[in-house]
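Visitor: Pasting a predicted model and its sequence here:
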Amino acid sequence: MSALFRLTSRAVTLQRSLVANQAAVLRTIKTSPKKDETVTAPTSLTAEDFANPSPKNWQSYGFDYKDEAEDRKATKSTFFFTVTMCLVWGTFYWAYLPDTQFRDWAQREGFLELRRREQAGLDLVSPNYVDPDNITLPSDEDLADTEIII
């Protein structure tokens with residue numbers, strides 16, 4: 001009986017905490033108008049006002065702070081030259097630069113040397129590529145129990 005009582009009291013406590021957390025998470029929507037959102041309508045509008053609207057919310061891109069048209073023109077031309085001229089043509093130029101590291105030459109020379117050795121019947125790589133007299137190997141006593149993997 002006491003276990004049943006503890007279970008029901010814990011369930012009630014859990015329900016209360018869930019309701020309290022849910023109320024904290026939910027927010028109400030306020031529909032009352034704010035004072036700074038209201039705008040007074042102009043009393044008299046002429047045809048000139050419609051022909052030459054003032055850029056009320058214009059924000060400069062940083063090229064010209066006084067004239068919107070000049071600012072837009074400078075922005076578009078800057079981005080055109082940056083993207084088209086530098087990125088596109090610069091990448092094209094860089095991709096077709098001559099081989100300054102001579103990687104192609106070294107590979108071509110290697111293939112020519114392999115072909116020459118095959119036609120002459122020689123080994124592809126000479127076993128005496130390095131003169132054996134110039135190599136100093138450790139003695140068997142120096143190696144002791146060191147495992148040598150070839």
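Guide: Okay, I see it.

Visitor: mind checking which helix or strand of the chain has the lowest mean pLDDT?
Guide: helix 2-25 (a mean of 62; mean pLDDT, DSSP states H and E).

Visitor: distance between the ends of stretch 140-150?
Guide: 16 Å (Cα to Cα, to the nearest Å).

Visitor: ok, now stretch 141-149?
Guide: 17 Å.

Visitor: And Ser60, how far from Lys73?
Guide: Distance, Ser60 to Lys73, by Cβ to Cβ, to the nearest Å: 12 Å. Where C-beta positions appear, they are placed from N, C-alpha and C, glycine not excepted.

Visitor: Between these two, which is the more surrounded one?
Guide: Neighbour count, other Cβ atoms under 10 Å: between Ser60 and Lys73, Ser60 has more, with 16 against 13.

Visitor: ok, which stretches of this structure are helices?
Guide: With helices called from DSSP state H, the chain shows them at 2-25, 47-51, 68-80, 90-95, 103-120, 140-143.

Visitor: how near is Glu109 to Phe102?
Guide: In terms of Cβ to Cβ, Glu109 sits 9 Å off from Phe102.

Visitor: Thought Asp64 was touching Glu70, still the case?
Guide: Yes - contact criterion Cβ atoms under 8 Å: Glu70 and Asp64 qualify, at 4.2 Å.

Visitor: Might you report the residue contacts of Trp58?
Guide: Going by Cβ atoms under 8 Å, 6 or more residues apart in numbering, Trp58 touches Glu68.
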